[in-house]
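Visitor: fold the following, please.
(chains A and B)
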Protein chains: 2
Amino acid sequence: MRALGISKFGGTEVLEQLTIDKPEPGRGQVLVKVFACGLNPVDYKIRQGMLPLPFELPLVLGYDVSGEVEAVGPDVADYEVGDEVFYSAELLSGALAEYHVVNEDIVALKPSGLLHAEAASVPLAGLTAWQALFDRAAIKPGEVVLVHGGAGGVGSIAVQLACWIGCEVIATAGRDNIELVEELGADAVIDYASQDFVQAALEATSGEGVDAILDTVGGDTFLKSFDALMSHGRLVSIVPEHMEGQPLEALAKAFFKNAEVHFHFMERERPALDALGRLLERGFIEPVVNEVIPFEVEDVARAHEQMATGHGRGKLVVAVEKE
Amino acid sequence: MRALGISKFGGTEVLEQLTIDKPEPGRGQVLVKVFACGLNPVDYKIRQGMLPLPFELPLVLGYDVSGEVEAVGPDVADYEVGDEVFYSAELLSGALAEYHVVNEDIVALKPSGLLHAEAASVPLAGLTAWQALFDRAAIKPGEVVLVHGGAGGVGSIAVQLACWIGCEVIATAGRDNIELVEELGADAVIDYASQDFVQAALEATSGEGVDAILDTVGGDTFLKSFDALMSHGRLVSIVPEHMEGQPLEALAKAFFKNAEVHFHFMERERPALDALGRLLERGFIEPVVNEVIPFEVEDVARAHEQMATGHGRGKLVVAVEKE
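Guide: Numbers count the residues shown, from 1 in each chain, chains lettered A, B, ... in the order given. So this is what the prediction gives:
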């Protein structure tokens, strides 16, 4: 079967088409016919060899799947052939391929009203946003939440989740994406290039600072965020690699704020994915798909480059199978 | 009245005896005759001008008081003349003086069995340890806790509090202080100069890492702590100024651990001080006073230098009044 991945780590030139055996489902696993595969920044980070995990080459990339159960292994309890499912694959088991095998415990039923291309945009970013806001920052109705990068893959879902739960939501975005983030429900959208998010956060909170911040940007934005945070506020960061070379000295501000900082790396779990599916079906949140691209090396290479600019707008999804 | 402080920021040479008016208690305040005043690292940091607070010179230093209520202001509800009290003074209101005025809401009754010199060693370090362990890290019986600097002012109380609440306690200490920290109840004491705390933490937890870490050391110790922490573990740091020049890059480890980091700056409150008082009275924890020193400039200067080495053993307390 066709797959897309790498035989060595490097720039987008190492992306290649792979021909591999169609996998078979083991105990507790399902074989999924992949209709669509969502791309994420982790794809190009893995391609570059930046993640300290025991990858084996050649390596299939792509970690967000929407598709149909084609076969089930022994002891599979919750799924049968024909079920439409979506999930985020383990990082050691890329899914940008015609078929993919996955443990059923991280799989959820695909929201019925969505195209596969839409559903495949959700799992990794949606689980990240869900866990960051609800499990880590523990945001509550009535709180004021600042989302850095509100137009991005994680940010666009986070803005909608924070609105849904009843928070007042401030988000940053590039000039071209401000209208999008307003449509997602943000109460105030800051142009990060021309406006000061600290000032906006303080104005929205009578100078107290916001209750919680989700940082999908990193670097200076991470460090400056403490100025926008209330005393005992919570800051969740999901971007390690942007912090290189920053002085920890700047963290001194965090002490005077008694800040709580959560470093978050998404964990695959079915309950939160089920919840996201229900919200999508009921229309409380919607997928933000920027572009559906062909299942070809050059298109995926272009997508990697686009994601690496950090100026994304929603998600890029590969159409693996026509729907 | 006599007081001890500074008229300009600088090295220990700027410490001087000050002659200031005996203060009068305002609404909700009590006038305390100071018997003993505990010293803390924050004393020399303020002397050096390192804290960004609106200090006015000349400035009295010293922030931990044990003494006797000499007079009460209007609307004081909980104290009367003659009560023995202890507390940690606000940083803008130093207390290394014959008398000190304080808002009653941060004052607690001095544990009856303790000398003033013992009671004055507790408030700032004890509140820091209490809040760091219970309010921030939220440690629970049965958890494994690592305390960096278990012989220090905060560390020596933290080790005892973590033991009292029923945790398994690992602590680091200098070679000369290992026996002391063992006597305080630690299950394992690591010589930080010759032993690896990460290895000790992993061995004590079947390779999982400890549930919580209290870092009173900072710098490399802070960054290396993520290797000793379990997934979703909690790390509380109380030392901003030791982090200068460290690369945030090293924080990348924190993401893979889904680490929760609390930057803690002590807050004055009566309930936790009352609780510490009860534990001291009941003998569940004990003050660790290294030396009681005279109320003289040269002795306090020596104490500042000793604290700045970072190799302290318990607390240094100034005997302001003979007891």
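Visitor: okay, buried residues for stretch A:36-49 please.
Guide: A:36-48 (16 or more other C-beta atoms under 10 Å in any protein chain shown). (Glycine included, C-beta is placed from N, CA and C.)
Visitor: repeat that for stretch A:138-156.
Guide: A:139, A:143-156.
Visitor: and the helices in the stretch 1-150 of chain A?
Guide: Applying DSSP state H, counting those that start in this stretch to the stretch 1-150 of chain A gives helices spanning A:41-47, A:116-119, A:123-130.
Visitor: what's the shortest one packed up against?
Guide: If you count contacts as 3 or more C-beta pairs under 8 Å, 6 or more residues apart in numbering or on different chains; DSSP states H and E, helix A:116-119 packs onto strand A:29-38, strand A:64-72, strand A:84-88, strand A:289-294, strand A:315-319.
Visitor: relative to strand A:289-294, how tilted is the helix or strand following the fourth one?
Guide: By that I understand strand A:289-294. Of the helices and strands lying after strand A:289-294 in sequence (DSSP states H and E), the nearest is helix A:297-308. Relative orientation of helix A:297-308 versus strand A:289-294 (axes from the mean of the first three to the mean of the last three C-alpha atoms, to 10 degrees): 160 degrees.
Visitor: which secondary structure elements does helix A:297-308 contact?
Guide: Secondary-structure packing of helix A:297-308 (3+ C-beta pairs under 8 Å, 6+ apart): strand A:15-19, helix A:41-47, strand A:289-294, strand A:315-319.
Visitor: how about a cut-off of 6 Å?
Guide: Judged by 3 or more C-beta pairs under 6 Å, 6 or more residues apart in numbering or on different chains; DSSP states H and E, helix A:297-308 is in contact with strand A:15-19, helix A:41-47.
Visitor: mind listing what's buried along it?
Guide: For helix A:297-308, by 16+ other C-beta under 10 Å, it's A:Asp299, A:Val300, A:Ala301, A:Ala303, A:His304, A:Gln306, A:Met307, A:Ala308.
Visitor: list the contacts of it.
Guide: For helix A:297-308, the surrounding residues in contact (C-beta atoms under 6 Å, 6 or more residues apart in numbering or on different chains) are A:Leu4, A:Thr12, A:Leu15, A:Gln17, A:Leu39, A:Pro41, A:Tyr44, A:Ile293, A:Leu316.
Visitor: picking up where we left off before, okay, the buried residues of stretch A:36-49 in TSV with distance to chain B next?
Guide: Converted to TSV, the buried residues of stretch A:36-49 look like this (distance: C-beta to the nearest C-beta, whole Å):
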residue	distance to chain B
A:Ala36	28
A:Cys37	24
A:Gly38	21
A:Leu39	20
A:Asn40	15
A:Pro41	13
A:Val42	12
A:Asp43	17
A:Tyr44	16
A:Lys45	11
A:Ile46	14
A:Arg47	18
A:Gln48	14
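Visitor: near chain B, anything from stretch A:257-273?
Guide: Yes: residues of stretch A:257-273 are located near chain B by C-beta under 6 Å from any C-beta of the partner chain, namely A:Asn258, A:Ala259, A:Glu260, A:Val261, A:His262, A:Phe263, A:Phe265.
Visitor: show me the beta-bridge partners of the residue nearest to the fourth one when sequence neighbours are not counted.
Guide: Going back to what we said before, that points to A:Val261. Nearest residue to A:Val261 in three dimensions, chain neighbours excluded: B:Val261, at 4.4 Å (C-beta to C-beta, 6 or more residues apart in numbering or on different chains). Beta bridges link B:Val261 to A:Val261, B:Leu235, judged by DSSP bridges.
Visitor: what sits against A:Ala254?
Guide: So A:Ala254 contacts A:Phe226, B:Phe263 (C-beta under 6 Å, 6+ apart).
Visitor: any idea how far apart the tips of stretch A:211-220 sit?
Guide: Terminal residues of stretch A:211-220 lie 20 Å apart, using C-alpha to C-alpha, to the nearest Å.
Visitor: can you list the residues that contact that stretch?
Guide: With C-beta under 6 Å, 6+ apart as the criterion, stretch A:211-220 contacts A:132, A:137, A:139, A:143-149, A:152, A:154-155, A:158, A:222, A:225, A:229, A:233-239, A:242-243.
Visitor: narrow these to those in strands?
Guide: A:Val144, A:Val145, A:Leu146, A:Val147, A:His148, A:Leu229, A:Gly233, A:Arg234, A:Leu235, A:Val236, A:Ser237 (DSSP state E).
Visitor: I figured A:Leu184 hits A:Gln160, correct?
Guide: Yes: look at A:Leu184 against A:Gln160 with C-beta atoms under 6 Å: they come within range, at 5.3 Å.
Visitor: show me the shaky parts of chain A.
Guide: The model of chain A has pLDDT under 70 over residues A:241-250.
Visitor: separation between the residue nearest to the spatial centre of it and B:Gln195?
Guide: What sits nearest the mean C-alpha location of chain A, by C-alpha atoms, centre = their mean, is A:Ala125, with 1.8 Å. Distance, A:Ala125 to B:Gln195, using C-beta to C-beta, to the nearest Å: 43 Å.
Visitor: pretty sure the residue nearest to A:Val261 sits against B:Leu235.
Guide: Yes: applying C-beta under 6 Å, one finds B:Val261 in contact with B:Leu235, separated by 5.0 Å.
Visitor: mind listing what's buried in stretch A:104-117?
Guide: Going by neighbour count (16+ other C-beta under 10 Å), the buried part of stretch A:104-117 is A:Glu104, A:Ile106, A:Val107, A:Ala108, A:Leu109, A:Lys110, A:Pro111, A:Leu114, A:Leu115, A:His116, A:Ala117.
Visitor: contacts for that stretch?
Guide: Counting by C-beta under 6 Å, 6+ apart, residues outside stretch A:104-117 touching it are A:28, A:30, A:35-36, A:66, A:76, A:78-79, A:84-87, A:119, A:268, A:270, A:273-274, A:277, A:280-281, A:292, A:317, A:319, A:323.
Visitor: ok, stretch A:76-92 next?
Guide: The contact list for stretch A:76-92, computed with C-beta under 6 Å, 6+ apart, reads A:30, A:53, A:63-66, A:68-69, A:95, A:104, A:106-107, A:110, A:119, A:123-124, A:268.
Visitor: ok, back up a step: hmm, which of the contacts of stretch A:104-117 are the buried ones?
Guide: The buried subset of those - by 16+ other C-beta under 10 Å - is A:30, A:35-36, A:66, A:76, A:79, A:84-87, A:119, A:268, A:270, A:273, A:277, A:280, A:292, A:317, A:319.
Visitor: what comes up buried for stretch A:203-210?
Guide: In stretch A:203-210, counting by 16+ other C-beta under 10 Å, buried: A:Ala204, A:Thr205, A:Gly209, A:Val210.
Visitor: would you turn these into JSON lines with secondary structure and distance to B:Ile190?
Guide: Converted to JSON lines, the buried residues of stretch A:203-210 look like this (DSSP: H, G, I helix; E, B strand; the rest coil; distance: C-beta to C-beta, whole Å):
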{"residue": "A:Ala204", "secondary structure": "coil", "distance to B:Ile190": "47"}
{"residue": "A:Thr205", "secondary structure": "coil", "distance to B:Ile190": "43"}
{"residue": "A:Gly209", "secondary structure": "coil", "distance to B:Ile190": "38"}
{"residue": "A:Val210", "secondary structure": "strand", "distance to B:Ile190": "39"}
